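Trainee: I'd like to go over a predicted model; first the sequence, then the structure.
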Amino acid sequence: MRWALAFVSFGLLCSQQVLCTLTPDNKAKTKQKDSKYLRGPQDLDVFGLDLISPEPTAKDILMHHNAYYKDTSLRNFNSTVLGYVTPWNSHGYDVAKMFAKKFDMISPVWLQIVKQGDAYAVAGTHDVDPGWLTDVRRKGKVQQQAMMRTVKIYPRVIFDHFTDRDIKLLLSEVNERTQLNEVLIKTCKEHGFDGLVLEVWSQIAGRIDDKILYSLVLQMAKDLQKQQLRLILVIPPHRKDVPNIFGEKHMDKLYKHVHAFSLMTYDYSNVQRPGANAPLYWMRKAVENIAPTGCHDMQAKRAKILMGLNMYGNDYTPDGGGPITFGQYLELLRHVKKPLTHDERDVENFFEIKIETGRHIVFYPTLYSVHERIKLAKELGVGLSLWELGQGLDYFYDLF
């Protein structure tokens, strides 16, 4: 890959980390520079403006990123779309309302399961915003034939500060799981949630017998379903270093009981292994690993897979670097004078610059890379899960 050549001499350079927070003076200058760029609802979408290019220009991105098509009810992707929202990224709350009709499900990252003595409790409910939930549901209403459909709310829940003893007890005792599920159901009922997104598989799979882990997920799914609530399970993608942590056999056991599977097809690369955020061929393999072409009930299984799509990128520097969201990306993009490079193998865009803060190689989604992944989802017959709303550029949502 072309970007790999840049790393040959990358480690020989010295630089400072890119500043993630703008000073007040810089913010004022940025606002002044942004005044000439398009913003808010527009008469043409990104298709009409012909902005989807394998090698987009920095000028076009800066000009159009903050604009979007005025009819936000228009959907170009008709399979299931789940959008994650986090308390630490407030713009995500706005995005969820602005484009509510493009989503089937919203998952606020709010909740943690904790132990209080021998009892289970749900922490994080202080983040629940009833007014925002009402707005999202109201703006997400869509008339479908004779029925009114609205966006569903599935907060994500994780196990927090559980000891090995806590986990062992929960997994080995049916009555412990029953107590936990009763607490979760009560929380859903109190706040009007439609179900939960459970993130646990990556944390404990491989450390325990699969049968015990099945018991936790299946009992939770069934107990929730009895109360007209649904469970979405977060699952890891196939990797060579952790083969079959979630594979076809797991899918066969769970797919009839779990409402959907949020597949974490992002974070393929990192500071130790710089490169593309989520190569297209790898995303395809991740789906085919759990629901191979021609397998039993393939269509039903794939319809429940929500292929993960990252809305953030990575900025690699000689000191390491790390993930970046749209604000940092746009600041770096202002220094780019030529079209962004297209990596044909990974089907992603990146650019390389050397500025006062040092040298940067930046991988971040573009209209082209997002559009190619939507095309892949359509081809495979899967849905999408976006991590996370508010990290990407507003005009991305024209694509969905």
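Mentor: That came through, no problem.
Trainee: From residue 310, how far out is residue 279?
Mentor: Distance of residue 279 to residue 310, given as Cβ to Cβ, to the nearest Å: 12 Å. For every residue, glycine as well, the C-beta is placed using N, CA and C.
Trainee: Could you check which of these two is surrounded by more residues?
Mentor: A count of neighbours by other Cβ atoms under 10 Å puts residue 310 above the other of residue 279 and residue 310, at 25 against 19.
Trainee: Nearest residue to that one in space, ignoring adjacent ones along the chain?
Mentor: residue 266 (3.7 Å; Cβ to Cβ, 6 or more residues apart in numbering).
Trainee: Also residue 339?
Mentor: Leaving aside its chain neighbours, residue 339 sits nearest to residue 55 (4.0 Å; criterion: Cβ to Cβ, 6+ apart).
Trainee: Is there a neighbour count for that neighbour? I'd like the number.
Mentor: Neighbours of residue 55 under the rule other Cβ under 10 Å: 12.
Trainee: does it really touch residue 336, like I thought?
Mentor: No - the criterion here is Cβ atoms under 8 Å, and residue 55 misses it with residue 336 at 11.6 Å.
Trainee: thinking again about what came up before, got the confidence number for the residue nearest to residue 339?
Mentor: As predicted, residue 55 sits at a pLDDT of 98.
Trainee: who's in contact with residue 114?
Mentor: Contact analysis of residue 114 by Cβ atoms under 8 Å, 6 or more residues apart in numbering lists 120, 121, 122, 123, 160, 161.
Trainee: Which of those residues are buried? Put it as a ChimeraX command.
Mentor: For anyone working in ChimeraX, the buried entries among those, judged by 16 or more other Cβ atoms under 10 Å, can be selected with:
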select :120,122
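Trainee: Please flag which of the contacts of residue 114 sit within strands.
Mentor: Here DSSP state E is the test, and these give 120, 121, 122, 123 as lying in strands.
Trainee: quick one: residue 152 and residue 133, what's the gap?
Mentor: On the measure of Cβ to Cβ, residue 152 and residue 133 end up 11 Å apart.
Trainee: so residue 261 bridges to which residues?
Mentor: When bridges are taken as DSSP bridges, the partners of residue 261 come out as residue 233, residue 305.
Trainee: That one - how many residues pack around it?
Mentor: Per other Cβ under 10 Å, the neighbour tally for residue 261 reads 26.
Trainee: partners of the strand or helix carrying residue 351 in the sheet?
Mentor: Per DSSP states H and E: residue 351 is located in strand 348-355. Strands flanking strand 348-355 in the sheet, each with its direction: strand 341-343 (antiparallel), strand 358-363 (antiparallel) (DSSP bridges).
Trainee: Need the residues that contact it.
Mentor: When contacts are taken as Cβ under 8 Å, 6+ apart, the neighbours of strand 348-355 outside the stretch itself are 3, 6, 13, 54-56, 58, 276-280, 332-333, 335-336, 340-343, 359-366, 368-369.
Trainee: What would that strand look like as CSV? C-alpha coordinates only.
Mentor: What follows is the C-alpha trace of strand 348-355 in CSV, where atoms were taken according to Å, rounded to 0.1, in the frame of the first residue of the first chain:
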residue,chain,number,x,y,z
GLU,A,348,-10.0,4.4,2.2
ASN,A,349,-8.6,7.9,1.8
PHE,A,350,-5.7,9.4,3.7
PHE,A,351,-3.3,12.3,3.5
GLU,A,352,0.2,13.1,4.7
ILE,A,353,1.4,16.5,5.8
LYS,A,354,4.3,18.1,7.6
ILE,A,355,3.5,21.2,9.6
